[in-house]
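Colleague: Give me coordinates for this.
(one chain, ligands or ions: 1)
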Amino acid sequence: MRRVYLDNSATTPVDRRVIDAMLPYLTEKFGNASSVHFFGQEARAAVDRARREVAALINARPNEIVLLSGGTEANNLALRGVAESNAQHGRHIITSAIEHSAVRGVCDALEGRGWEVTRLPVYEDGVVRIEDVRAALRPDTVLVTVMLANNEIGTIQPIMEIGQLIQEERARGRKHLWLHTDAVQAAGRMMVDVENLNCDLLSLSAHKLNAPKGIGALFVRRSVRLTPQNVGGHQERERRAGTEAVGSIVAFGEAARLAREELDGRIAHLRALRDRFEAGVTARISDIVFNGHRERRLPHLSNISFRFIEGEGLLINLDMQGIAVSTGSACSSGSLEPSPVIRALGRSDELARGSIRFSLGKDTTDEDITYVLEVLPRAVENLRCLSPLYQQSVANCEFQVSS
Ligand SMILES: Cc1ncc(COP(=O)(O)O)c(C=O)c1O
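Modeller: Numbering: from 1, shown residues only. All right, here's what the predicted structure looks like:
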């Protein structure tokens, strides 16, 4: 059976060149980067090189990069670290209604410990409004955390404008207000430049960039003070204790280098295939709704609600035909919870439950899209024909099933 992987927002395959770069650091160059001898120095030099590449991907300085285990840890360190080190200046955090659970969960946990959290709405297009950020700012606000691009609908948030707003506040004397952005989905799919964005902290995860899972980074601007969450070692300038995962760090560095060098080509490739996919779906399938802003979004992602069907059903049907996609809905205790992100757009439960995320990768081909455009319309039609609601609305269903 042909297999087509359209779930690159969940994770990406590791690039062969990245494996080649990391392999020596799992075999003959196995040293601990903290050791004084030759093996240690070799590992240290490799970590430093990788750090420079990760920094270059986002236009940061190498000493502003904290290497850690991934996007979830980066978000935990950013939010908890800033909240705790600024607690004497205020305990108010502003975030958006559509953050990844790795930010949402930390905000909830801080709320349980006495911090106040304002969750900004995103409206039908899935975009935070700068006026809402301005209105939410309070004298005791210490952190604004809004993702750069959303993982379910791909919408790009106005981080640059929020950053400018925060700079204005600083110019008025507010020294303890920081901006964090989760760029896990954005990196490698759009230009990410911490100077342009005016952000103070930014989270990255290597496995969305064709590198292995379990490695990531937090950009921390030099002016930011952060309470470390992992203590018990001097690594990462005391900001994250633990022996460096040298092989994974080397892989991350190589993936960051490739992403930076190939960015324009990747974006053009992804956008062309995604646009072809969306045009094909629109021409072949009725009663669909595209979720999220049509222009302000990542080039690799398409989120579509199919009326009259459950996204989970479609996901399983496509999986049986070799096509991997995802839904935002979580199957919890036997009931399908509609995606909070799609609900935050003001969509009905029915549309939220019928949503599917198609996320392309740099290795997705034209033939992959042709295959999906062959299979998807039939899968949707078959499922709709099992739906009483659809049967009511379309009397002449070709694939009518007999009871
Ligand atoms: C926006 C966003 N933030 C954070 C994460 C978590 O990253 P990691 O899997 O590296 O912990 C993800 C992963 O799905 C994500 O999409």
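Colleague: all contacts plus neighbour counts: C-alpha atoms, from now on.
Modeller: Will do.
Colleague: now the helices: where do they sit in this structure?
Modeller: For the chain, the helices defined by DSSP state H cover 16-22, 38-57, 71-85, 101-112, 130-136, 159-171, 194-197, 246-284, 311-320, 340-344, 349-353, 366-385, 388-393.
Colleague: relative to helix 101-112, how tilted is the third one?
Modeller: Regarding helix 71-85 and helix 101-112, their directions subtend 30 degrees when assessed with axes from the mean of the first three to the mean of the last three CA atoms, to 10 degrees.
Colleague: Could you confirm whether helix 71-85 reaches the ligand?
Modeller: Yes - using CA under 6 Å from any ligand atom, we find that helix 71-85 touches the ligand at Gly71, Thr72.
Colleague: quick revisit: weakest of the helices of the chain by average pLDDT?
Modeller: For the helices of the chain, the weakest mean pLDDT is recorded on helix 388-393, namely a mean of 80.
Colleague: residues of that one that come out buried?
Modeller: Judged by neighbour count using 16 or more other CA atoms under 10 Å, the buried positions of helix 388-393 are Tyr390.
Colleague: helices or strands next to that helix in the packing?
Modeller: Other helices and strands packing on helix 388-393, by 3 or more CA pairs under 8 Å, 6 or more residues apart in numbering; DSSP states H and E, are helix 366-385.
Colleague: Tell me the buried residues in the helix it packs on?
Modeller: In helix 366-385, counting by 16+ other CA under 10 Å, buried: 368-369, 371-373, 375-377, 379-385.
Colleague: next one: stretch 347-367
Modeller: In stretch 347-367, counting by 16+ other CA under 10 Å, buried: 347, 350-362, 364.
Colleague: Now render the helices of the chain as JSON lines, adding distance to Pro299.
Modeller: Listed next are the helices of the chain as JSON lines, based on distance: least, CA to CA, whole Å:
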{"stretch": "helix 16-22", "distance to Pro299": "23"}
{"stretch": "helix 38-57", "distance to Pro299": "18"}
{"stretch": "helix 71-85", "distance to Pro299": "21"}
{"stretch": "helix 101-112", "distance to Pro299": "22"}
{"stretch": "helix 130-136", "distance to Pro299": "23"}
{"stretch": "helix 159-171", "distance to Pro299": "18"}
{"stretch": "helix 194-197", "distance to Pro299": "19"}
{"stretch": "helix 246-284", "distance to Pro299": "5"}
{"stretch": "helix 311-320", "distance to Pro299": "22"}
{"stretch": "helix 340-344", "distance to Pro299": "19"}
{"stretch": "helix 349-353", "distance to Pro299": "22"}
{"stretch": "helix 366-385", "distance to Pro299": "15"}
{"stretch": "helix 388-393", "distance to Pro299": "32"}
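Colleague: Out of those, the one nearest Arg225 is which?
Modeller: Across the helices of the chain, Arg225 has its closest neighbour in helix 71-85 (6.6 Å, CA to CA).
Colleague: Quick one: residues contacting the closest residue to the ligand within the stretch 251-400 of the chain.
Modeller: Closest contact between the stretch 251-400 of the chain and the ligand, by CA to the nearest ligand atom, is at Gly328 (11.2 Å). Listed by CA atoms under 8 Å, 6 or more residues apart in numbering, the contact set of Gly328 reads Glu152, Pro338, Ser339, Pro340, Val341, Ser355, Ile356, Arg357.
Colleague: try 10 Å
Modeller: Gly328 makes contact with 151-153, 303, 311-312, 337-342, 352-357, according to CA atoms under 10 Å, 6 or more residues apart in numbering.
Colleague: give me the subset of these touching the ligand.
Modeller: Within the set of those, contact with the ligand (CA under 6 Å from any ligand atom) is found for Asn151.
Colleague: Make sure Asp363 is actually in contact with Ile267.
Modeller: No - applying CA atoms under 10 Å as the test, Asp363 and Ile267 come out as separate, 11.9 Å apart.
Colleague: Just give the closest residue to Thr327, not the sequence neighbours.
Modeller: Leaving aside its chain neighbours, Thr327 sits nearest to Ile356 (4.7 Å; criterion: CA to CA, 6 or more residues apart in numbering).
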